[in-house]
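> quick one, structure for this:
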Amino acid sequence: MKNLLRIILQTERANGGGGWRGHGHAEKLFLQNVWWPLRGDFNDLHPEYEVLDLQRRAYFADFAFLPGPIKLLFEIKGYAAHVRDMDRLKYCNELNRETFLYGMGYQVISFAYDDVEQRPELCVTLLRLALSRYQILDAPRDRLLIAEKEIMRLVVRNAGIIRPKEVADYFTLDPKTVRMMLKSLCEKGWLTPIKRGIGVKNVEYKLARDVLYYWD
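Residues are numbered from 1 along each chain as shown. Got it, this is the predicted structure:
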């Protein structure tokens, strides 16, 4: 993987030196463990993004993702600040702020610091599913057959990634038939193959980027 620190510094310079330089450990861990493995770039991602809350006070979200009209705010929340040391007033203020931001067109997506640090693959899976609702690319070329729709439903229930054996076991199909159907879904633009080693048996399949936008 590319040197993440170098990428961040390059982004700093491209942004005139602002924003990224003062970011804390949790936020940089999110970039390293979650955002970069999923996205591979920092396009449209803004650190310490300032918005006004219900009382017209400045509030800085950890990150804002602003591709076109879409407005997503990401928060990395530690247990101490957001649970252990939070009193009733702070708790109310946080919920009111998130509801107000939703009303202003922002969607707040929160991750626990412990998950970002210790279970980043879970965060990647959840973030992939969340982003797939908003991002728009070219629609898959063909409509799905009934059998293919059932496979897609299984992939979605399996957090967006599946192995051929899981499909074969679930539907009681032979491996050759499963491989042909998964290949067809890839050709139609619904799935993307992932190599996990050498050989046909080491291939997994994930939802093609943004494909859930076209799900009916």
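
> contacts only, for the residue most central in space within the chain.
For the chain, the residue nearest the mean C-alpha position is residue 127 (2.1 Å; Cα atoms, centre = their mean). By Cβ atoms under 8 Å, 6 or more residues apart in numbering, the contact list for residue 127 reads 34, 35, 38, 109, 111. C-beta: built from backbone N, CA, C; applies to glycine.

> and it, backbone torsions?
Dihedral pair for residue 127: phi -70, psi -40, per degrees, to the nearest 10.

> who does residue 49 form a beta bridge with?
residue 61 (DSSP bridges).

> state which helix of this protein is the longest.
Ranked by residue count under DSSP state H, the longest helix found in the chain is helix 88-103.

> buried stuff in the next helix or strand after that one?
Once the chain leaves helix 88-103, the next helix or strand it forms, by DSSP states H and E, is strand 107-112. For strand 107-112, a neighbour-count test (16 or more other Cβ atoms under 10 Å) marks 107, 108, 111, 112 as buried.

> what's the angle from strand 107-112 to helix 88-103?
140 degrees (axes from the mean of the first three to the mean of the last three Cα atoms, to 10 degrees).

> residues contacting residue 53?
Contact analysis of residue 53 by Cβ under 8 Å, 6+ apart lists 59, 97, 100, 101.

> name only those of the residues you listed that count as buried.
Using 16+ other Cβ under 10 Å as the threshold, 97, 100, 101 are the buried ones among these.

> low-scoring stretches of this protein, by residue?
Filtered on pLDDT under 70, the chain yields the residue ranges 1-23, 79-85, 134-144, 197-202, 209-216.
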